[in-house]
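Asks: Give me a 3D structure for the following:
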Amino acid sequence: MATSGSEVRPLTQRQSQDSPSEEATKDGNLDDAPPAKKPSIFKRAWDSLGLNVGMLMLMTKGALPPTISLAIYQSTPFAEIYSTLGYLVAILSVLSFAIMPRSKFIQTMLLNLIAICIGAAVALLGIYCSVQARAHTTAAPSPSSNGPSPGAAVAGYNSSASAVCAIWLFFNIYLVNTLRALRPQLQFPVIVYSIFSNVAFTYAPSFPNMAAGTAFAKKLLEVFLTGFAIATGVSLFIFPMTVRMSFFNQSAGFIMAVQGTLKAQSSYLQSLEKEDAFRPPQESDDEHTEGKSHKHHKTKKAEPLSTPETQKLKAAIGALGELFGKMNADLAFAKRELAFGKLNGSDIDELFKLFQGVMLPLIGMSSAADIFERIAKRWGWTEPETASTPKVPLEKERSDDAKAEWNEIMKTLHEPFETITEAMHDGLQHALYTLELVKAPKKKNEKNANDKDKLPRDVEADAGVVKPGDTGYAAYLGKRVDAFHEQREKTLGVFCQQKGFKMDSNPFANLSQRRPSMQVRSESLSEDIETHRRNKRQLYLILYMEFLLWSTGRAVLSLMHFADKKVEDGTMKKKRLITPGMKRTKKWLSSLLKEEDSTTEHTPDAAESGGAGVYSGASFHASKDPEHLPPANAWQRFGNGFRNIGRILGSMESAFGFRVACATLSIGIVAYLKDTRNFFLTQRIVWALIMVSIGMTVTAGSGVFGFFGRIAGTFLIIGYELEVKKVGVAPQVASSNGQPYYQIYLLAPYRLACVSGGMFVAFFWTFFPYPLTARSQLRKDLGVSLYLLANFYSIVHTTVGLRITGHEGNMELKENPGKKLGKARRQVYIKEVALLAGLRTHSAFTVWEPSFGGKFPRQQYDVIIQQVQNLLNYMMLISYASNSFIHDPTASPEKASWIQDFTRLVSSIDTTSQEITSTLALLSSAVTNGNPLPPYLKPPQAYKLSARLEELDADILSINHIAEPGYSAFAVMQIASSLISDDLGKLIEGVKALVGEVDFSFHASDDSEDSLLTKDGQKGKKD
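Replies: Residues are numbered from 1 along each chain as shown. The predicted structure follows:
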């Protein structure tokens, strides 16, 4: 169904809210428009903070647990029970992270409870060993009542007991932090366990018997459980939030972000209609150019800026991908969460897949900006003509003609693109209303609207067409999408007429009524081959954009059908109890100790996270042992197991655990020496140990960032002051555990020095004996990213081959190869997206690390990361477009004739090439290990499939077949393949600039002046 220009006018109004309308510009009333009211200072200050109601609620919720803990301490019964250990309640209530969504909080709390129960048992065992060491070296001491807690009497110093406790503390910290590095999901439980061990084993040498040790361990366990209980109450009853709520809020934000991306995409495509569309903005004003240095001009010329429309489109796509990554992190928890709602776990999973289906063609459309940038760079449209660099008249004429061609092409595509974009925008709004992600507006009588503010009349609304949210709107959108698909006849017909292509009278007619064409190839009136090739590239790019826009419309339509289906089957009618089911519960339990991808919720502070750690698979780390054959008997298998002990001890995870243990004992040794033990206890140096356990991270950049935050954010002083005010300042109460009472003005610098000292020790052991920097982690993670990219391309390559040959099989069967490949493809893609986000975070944290020697090439890393992102998008685009080659058994023989001939010809050509996989694997190894690349490494050349097909069958790619279902998909795959080949060459050059290249250029020459080796064998020229 065709759409008139008046029907698309409302979209133009929506898309131009931040700029003057086209009508106002034409009428010349732009200068007469009243100026916008400037917001108040308070409004501008508030906007600059970037805060909203949701963030304020989370901030309030996070502050409540320690506030409640300190307030409840003013109760006399509470103070009598917890005595001087009460401030630990506030600390543990904070470390419980009550701001997490419910299912994440419950999982973390469950692991925390298991951790402190194990910690209490291990502490009792260590205390027993300490008591036995004291009993076998000294006589029974007379206990003192001045203990760390009620009932925990202490005795004098004993060197044997101190040595035993020091050993217990060291190996405890070493083992749990090795586990912390190996399993990121155990971050919080390990921190809680470390605090319990630090407190228990620093006081353990003072206990004369097990009764005192048991009383202390019991009281310490009560303190921890009380802090957990307060945090649990706040999490469940104060501003309760579930992962499902977060996921649905993100879903609404995702759909709105898609609408914003469509708006940016439409603005970009419209900008291509202008004559200066391909020239970036230049600072031509004299007042701006006079003050610019020569260096600035040189830099700007070497790296021209993109147009504002291009920057907005790329920014919108980047924000969309970032939000999609956050949704993926919440997906597993949202599916397994117990809740009272409407959509169950399977619905959430299907909704996420539909979102991915919408996002992929949008990413492909954003790549059109890269394509046009390369076209503009090839023709020189991005650089202004100057007196020093004049253009040849003939070359300038051809360049201007090519630019004018693209301007006219985009003007021709304006109306159908605008129509389908408006339809998709409204379709997404329909999904928002139907799935109840946003509240649908109430219908109002438009007659009461103010005439002067009334928008242009909507023809569809006047004709009684259904609106978003109404029943049957999906059918209306389906007609709009079909109309766009049929309207290609006009746009492609105009293009073929301009280029002089000879074609049938109506290639879009019924395929069975079309006469076969026996032309050798699409004829053109162009006189040279280069012009013919350029025309074909233009045709492919038009098909590329039309196919992706049409695919986006179909994806939006699928989302609408899903939403309408949930209404029809009664899912959205009422809420009900939703349970995860036995299968998901088993998967959740198995994931607690299984190696998995880490996300920011696994870190003690999301702001200092070094990015997401991704499990790349066993094959990335496993390698064939060149010194050992596979075991052939039981003894050899036992020997392999024995060698694994050394492999574990030499691993990076073990090294991290050893560093944390050394850092802990660097301070803890003060507690186990006779001359310094009293100082350690009285000044509470134990908090320096706790800061080491919390503050040490795998990389230095994130650690430095967290160090400053913890030093500035310590609140122990307030807790101690309130504690003293309640129990009293009398020595027998406030100082009952041997710690002197200080006024607040003395306590503040003492506690700050204690925390700063712990942070300094943690910082030192992060760099000693060799640094664990975010920069080295960035390099290794980049190698993993290249490895995953190679894996992803291999999967895509195999998938396309199966689809072309028709061997993908029934996708409903779990054991089907196509089903397995699809699951593997999604998993690797999501891993790669998460890892790329982590790489950008690592890159940001490199600025916090001190530099010794040359500067860190952060800009080169950022460029490579972006190239990997582009390659991933192009590969996913190939996989997406190849869906058009899937054999449809329900299709008519006439409709399937061309696709059958096409797949038969492609199958007869040996197109199987995994050179790209090999190249990416080689780059991954070079970056991971820091080894130079082999010499003369070149990217694989793009396979010229279209030329090979035309050699076999001249009619297969004739213009007469542009209406075929797979012709546009083939154009998309051809363009994406060319982009992969182009960007792979840039990636090789970028990696080569980082790691270098093996140089075999030394040679011997007969001419002694030119020889690199002198006669005596030394390098250099002979004097």
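Asks: need the helices for the stretch 1-150 of the chain, in chain order.
Replies: Using DSSP state H, counting those that start in this stretch, the helices of the stretch 1-150 of the chain run over 9-15, 22-27, 41-49, 53-72, 76-82, 87-95, 102-135.
Asks: Compare those helices and give me the one nearest Phe856.
Replies: If you check each of those against Phe856 by C-beta to C-beta, helix 41-49 wins as the nearest, at 30.6 Å. C-beta coordinates here come from the backbone N, C-alpha and C atoms, glycine included.
Asks: Now do that closest one: which elements does it pack against?
Replies: On a contact count with 3 or more C-beta pairs under 8 Å, 6 or more residues apart in numbering; DSSP states H and E, helix 41-49 meets no helix or strand.
Asks: Give the next helix or strand downstream of the strand or helix carrying Glu222.
Replies: Using DSSP states H and E, Glu222 sits within helix 210-237. Next helix or strand after helix 210-237 toward the C-terminus (DSSP H and E): helix 243-271.
Asks: Just the buried positions in that next one, please.
Replies: Applying a neighbour-count criterion of 16 or more other C-beta atoms under 10 Å, one finds 243-248, 250-271 buried in helix 243-271.
Asks: Report the angle between that helix and helix 53-72.
Replies: Using axes from the mean of the first three to the mean of the last three C-alpha atoms, to 10 degrees, the direction of helix 243-271 lies 150 degrees away from that of helix 53-72.
Asks: Between helix 102-135 and helix 243-271, find me the angle.
Replies: Relative orientation of helix 243-271 and helix 102-135, computed by the same axes, to 10 degrees: 130 degrees.
Asks: follow-up on the earlier one: model confidence over the helix holding Glu222, on average?
Replies: Average pLDDT, helix 210-237: 94.
Asks: other SSEs contacting that helix?
Replies: helix 53-72, helix 76-82, helix 87-95, helix 102-135, helix 187-203.
Asks: Any chance of JSON lines for those, columns distance to Lys583, mean pLDDT and mean neighbour count?
Replies: Shown next, in JSON lines, are those (distance: least, C-beta to C-beta, whole Å; pLDDT from 0 to 100; neighbours: other C-beta atoms under 10 Å):
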{"stretch": "helix 53-72", "distance to Lys583": "32", "mean pLDDT": "89", "mean neighbour count": "16"}
{"stretch": "helix 76-82", "distance to Lys583": "44", "mean pLDDT": "84", "mean neighbour count": "14"}
{"stretch": "helix 87-95", "distance to Lys583": "33", "mean pLDDT": "87", "mean neighbour count": "23"}
{"stretch": "helix 102-135", "distance to Lys583": "16", "mean pLDDT": "94", "mean neighbour count": "19"}
{"stretch": "helix 187-203", "distance to Lys583": "25", "mean pLDDT": "93", "mean neighbour count": "25"}
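Asks: what's the burial count for Ile238?
Replies: Applying other C-beta atoms under 10 Å, we find 15 residues neighbouring Ile238.
Asks: Against Thr67, how distant is it?
Replies: Relative to Thr67, Ile238 is positioned 11 Å away (C-beta to C-beta, to the nearest Å).
Asks: Likewise for Leu338?
Replies: Counting by C-beta to C-beta - Leu338 and Thr67 are separated by 29 Å.
Asks: what's the answer for Gly570, then?
Replies: Counting by C-beta to C-beta, the gap from Gly570 to Thr67 is 45 Å.
Asks: picking up where we left off before, and of the helices of the stretch 1-150 of the chain, who's closest to Ile195?
Replies: Taking those one by one with C-beta to C-beta, helix 87-95 is closest: 7.7 Å.
Asks: That closest one versus helix 53-72: what angle between them?
Replies: Angle between the axes of helix 87-95 and helix 53-72 is 170 degrees (criterion: the same axes, to 10 degrees).
Asks: Okay, angle between helix 87-95 and helix 210-237 too, please.
Replies: Counting by the same axes, to 10 degrees, helix 87-95 lies at 40 degrees to helix 210-237.
Asks: tell me what helix 87-95 is packed against?
Replies: Packed on helix 87-95, when contacts are counted by 3+ C-beta pairs under 8 Å, 6+ apart, are helix 53-72, helix 187-203, helix 210-237, helix 716-727.
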